[in-house]
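Student: my questions are about this predicted structure, shown below with the sequence.
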Amino acid sequence: MLTLAAGNACDVSVTSFLGNCACDGAGAILSFIYSDLSPPTTNEILKVDAINIAELADLEGTSINEDAFIFIPKACKNGESCTLHISFNGCNQSADDIGKVYAEQAG
């Protein structure tokens, strides 16, 4: 995942598999979908909550971690209608491997 300033050197492929490439990959994708997108504040980006998805789905026989992370913008918490976007991490990027790094720093 290409990032503005998080992760390893851009030309290195090691855990956490976030590339500090001076490029906001997630932001570029979302800006393509939503032309009027405003980036969240830094404080909002860092506030991710853990949710237990094992309560929602049978994970037996999968390699899916029981915990996932969710970011809900303040406007959505305050009742504004919002769209859900899901980002699936890659191999060796689970919470067991890198904690909240992907959720907090992938963009």
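Tutor: Good, I have the coordinates.
Student: what residues of whichever helix in the chain runs longest count as buried?
Tutor: Counting by DSSP state H, the longest helix found in the chain is helix 25-33. For helix 25-33, burial by neighbour count (16 or more other Cβ atoms under 10 Å) applies to 25-27. Placement of C-beta: from N, CA and C, glycine included.
Student: quick one: which of those is nearest to I72?
Tutor: Relative to I72, the closest of the buried residues of helix 25-33 is A26; by Cβ to Cβ it sits at 16.3 Å.
Student: not counting sequence-adjacent ones, nearest residue to the closest one?
Tutor: G107 (3.1 Å; Cβ to Cβ, 6 or more residues apart in numbering).
Student: was I right to think that neighbour contacts T3?
Tutor: Yes - using Cβ atoms under 8 Å, G107 is in contact with T3, at 5.7 Å.
Student: joint contacts of the two?
Tutor: 24-25 (Cβ atoms under 8 Å, 6 or more residues apart in numbering).
Student: sorry, back to before: who's in contact with the longest helix of the chain?
Tutor: 1-4, 37, 39, 85, 87, 106-107.
Student: do stretch 67-77 as well
Tutor: 40, 44-45, 47-53, 82, 95, 100, 103-104.
Student: just the ones in strands from those residues, please.
Tutor: Those of these mapping onto strands are 49-52, per DSSP state E.
Student: nearest to G19, of these?
Tutor: A50 (24.9 Å).
Student: and the gap between that closest one and A68?
Tutor: 7 Å (Cβ to Cβ, to the nearest Å).
Student: how about Q93?
Tutor: Counting by Cβ to Cβ, the gap from Q93 to A68 is 12 Å.
Student: for this protein, which spans come out with low pLDDT?
Tutor: For the chain, the stretches flagged by pLDDT under 70 are 40-46.
Student: helices of that one, start to end?
Tutor: For the chain, applying DSSP H gives helices covering 25-33, 42-45, 74-77, 95-98, 101-105.
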